[in-house]
Every structure is written in structure tokens, then in C-alpha cells.
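> Coordinates only, no sequence provided:
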């Protein structure tokens, strides 16, 4: 069985929705935190979460980065390439870059054999191999 986590569930948790509809939300996330329940968080959901929190809820990016980083520590939440996602959040928190650019940097940095084809010179500030096509 695969259990996936949708954006709206995480948004409600992170914005502290205390309405009766979401009364079980906190015990749900407690189960995820201690690992008694397991879910997978897909990257597309993570990117949508960041977009919704930033654009609709106007949550500052540092608060978003910290909240998502904390969620990644939950024993019951699995994310593919968790170390890359953590690094992406760190880069995003500390730089004025788009979250997708931060993901590309985190995916490639440190291995000069990897190449990013881009015209964006902002990538040159990081330890990645950028080339223009």
C-alpha cells in the first residue's frame, strides 16, 4: 500500500487551522512525527506547498523553509532524495532565488561532472557546472 500526503493537509497543519473540520489533524501529524504512521511526500506536492504558502497565505519564506525542514524530520514522512530537499530549502532560505532553481543547484552541486544547461548566470555563484546550449 502507498500512502501519499496532499498539499491541503500540510497547509492546514502549517497554518494552524483549528476549525472543527481539521480537529484530527494534529493527532495525524503526531503519528507521522513518531513514525506510527507512514506517508510519502512527493516533490510536486512539496513545490505546490511552498507556492501556496508563499503566494496565497503570504508566509515569509524563512518560516516556510523552517516549517518544511521540521516536517522532513518526522519519522513517518518519506521524501525521495531527502538530503537534496533539505539542501534546496537551505539555499532558498539564504538566497533570492526561485525554489526550482534551488532544487537544481542542490541536485547538482559538488559534482563538476554534472551539467546544468541554462542562460541564468545566478547559478555561477554556486559550485555547479553551468553551460549555455
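Received the coordinates, thanks. Computed from a predicted model, the values in this text were never measured in an experiment. Numbering: from 1, shown residues only.
> I'd guessed residue 90 sits against residue 68; true?
No. Between residue 90 and residue 68 there is no contact under C-beta atoms under 8 Å: 11.0 Å. Just so you know, the C-beta spots here come from the backbone N, C-alpha and C atoms, and that holds for glycine as well.
> who has more neighbours, those two?
Under the neighbour definition other C-beta atoms under 10 Å, residue 90 and residue 68 were set side by side, and residue 68 has more, 23 against 14.
> what are the phi and psi angles of the residue nearest the centre of the chain?
Among the residues of the chain, the one closest to the centroid is residue 46, at 4.6 Å (C-alpha atoms, centre = their mean). Phi and psi for residue 46, reported as degrees, to the nearest 10, are phi -60, psi -40.
> And it, how far from residue 82?
Distance, residue 46 to residue 82, using C-beta to C-beta, to the nearest Å: 11 Å.
> what's the answer for residue 100, then?
Distance from residue 100 to residue 82, by C-beta to C-beta: 18 Å.
> Ok, residue 19 next?
31 Å.
> Next: residue 61.
Separation of residue 61 from residue 82 (C-beta to C-beta): 20 Å.
> just residue 17 next, same as before
The spacing between residue 17 and residue 82, counted by C-beta to C-beta, is 26 Å.
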